[in-house]
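Engineer: mind folding the following:
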Amino acid sequence: MAYRLGSEMIEAADALFNKIHAYDPSVDCDKLVRAFNFGMEAHDGQTRASGEPYYIHPIAVANILADMRLDLDTIITALLHDTVEDCDVTLDSLGEAFGPNIAQLVDGVTKLSRIGLQAGQNSLQAENFRKLLLAMSEDVRVLLVKLADRTHNMITIDHIAKPEKRTRIARETLEIYAPLAERIGVTNLQHALENAAFGVLQDEMAQTITARLDYMVHESEIIIPMISVELQDVVERGGVECSVSGRLKSPYSIWRKMQRKKVTMDQLSDIMAFRILVPSTADCYQALGSIHAAYPNVM
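Structural biologist: Reported below is the predicted structural model:
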């Protein structure tokens with residue numbers, strides 16, 4: 001292909017390749033570079049609402065998926081996911097250049113992008129819409145690319161000029177895409193989508209909670225490891241090997257609990273969350289019993 005990567009895109013391609021190579025040493029660098037070339041040529045001259053070259057977006061989506069250690073075909077699908085919808089590119093040309101698998105994945109993402117939640121739909125309709133998206137995604141990688149695509153769009157949503165459009169996209173994200181991410185177990189994207197949408201729909205409250213969490217970061221760097229060690233000791237004294245990790249909860253999850261319990265953030269007793277991993281289901285119940293025996297239950 002005649003189109004050639006500029007220096008910035010060469011750096012971006014190298015960074016993405018190195019990220020993938022770290023978990024997949026057999027990655028096909030030539031195929032990745034060809035995808036960069038193909039996508040940049042297809043999107044040449046297009047810009048985003050921010051004024052930046054459009055192709056920055058597919059690269060960002062690809063990086064989100066590479067951080068999740070996904071396979072090369074998924075990464076290439078991310079790089080090319082808007083070429084059929086927004087450019088003069090056909091599925092046949094994608095199939096000829098990259099094989100039928102990538103063409104099918106791009107086709108799936110394109111179909112998901114062409115449907116949207118209509119204003120005024122209720123929670124049942126939103127649930128039906130989520131089921132529709134799942135049914136349309138014969139390959140879960142299609143849904144993962146779409147979720148990563150929406151995640152980057154939400155990260156950059158401030159560049160959309162019309163407030164009503166930002167609100168519509170944020171509400172759709174909160175009602176459709178974040179629950180989908182939760183349902184398939186992609187919690188990193190779930191939290192990113194929830195917090196970004198929360199920031200649009202409840203900006204003042206989101207800033208207040210985020211500022212409070214930022215203030216607590218230093219304290220949590222000491223407390224979370226200390227509690228993790230204590231929890232691991234409790235569980236292992238009960239006869240179960242485990243690993244424990246902890247984190248501060250996300251702004252949106254804190255706000256949702258404040259609403260449900262009708263309390264202020266100061267009155268919440270579970271700003272931090274801990275995860276205990278054990279070898280089996282039986283070990284899970286045994287570990288839970290050890291935790292319940294060691295600590296009083298707080299409702």
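Engineer: point out where the chain drops to low pLDDT.
Structural biologist: For the chain, residues meeting the criterion pLDDT under 70 lie at 1-7, 115-125, 135-136, 269, 299.
Engineer: distance of the most centrally placed residue in the chain from residue 87?
Structural biologist: Residue closest to the mean C-alpha point of the chain, counted by C-alpha atoms, centre = their mean, is residue 189 at 2.0 Å. Distance, residue 189 to residue 87, using C-beta to C-beta, to the nearest Å: 26 Å. Placement of C-beta: from N, CA and C, glycine included.
Engineer: what of residue 31?
Structural biologist: To residue 87, residue 31 is 20 Å away according to C-beta to C-beta.
Engineer: what's the answer for residue 186, then?
Structural biologist: 28 Å.
Engineer: between those two, which one's more packed in?
Structural biologist: residue 186 (20 against 16; other C-beta atoms under 10 Å).
Engineer: ok, and the closest non-adjacent residue to that one?
Structural biologist: residue 147 (6.4 Å; C-beta to C-beta, 6 or more residues apart in numbering).
Engineer: give the buried residues for the longest helix seen in the chain.
Structural biologist: In the chain, taking DSSP state H as the definition, the longest helix is helix 203-237. The neighbour-count check on helix 203-237 (16 or more other C-beta atoms under 10 Å) flags 205, 206, 209, 210, 213, 220, 224, 228, 231, 232, 234, 235 as buried.
Engineer: which one of those residues is nearest to residue 140?
Structural biologist: Residue 140 lies nearest to residue 206 out of the buried residues of helix 203-237, by C-beta to C-beta, at 30.1 Å.
Engineer: hmm, who's touching stretch 165-179?
Structural biologist: The contact list for stretch 165-179, computed with C-beta atoms under 8 Å, 6 or more residues apart in numbering, reads 116-117, 119, 123, 126, 129-130, 133, 146-147, 150, 153-154, 157-158, 160, 190, 193-194, 196-198, 200-201.
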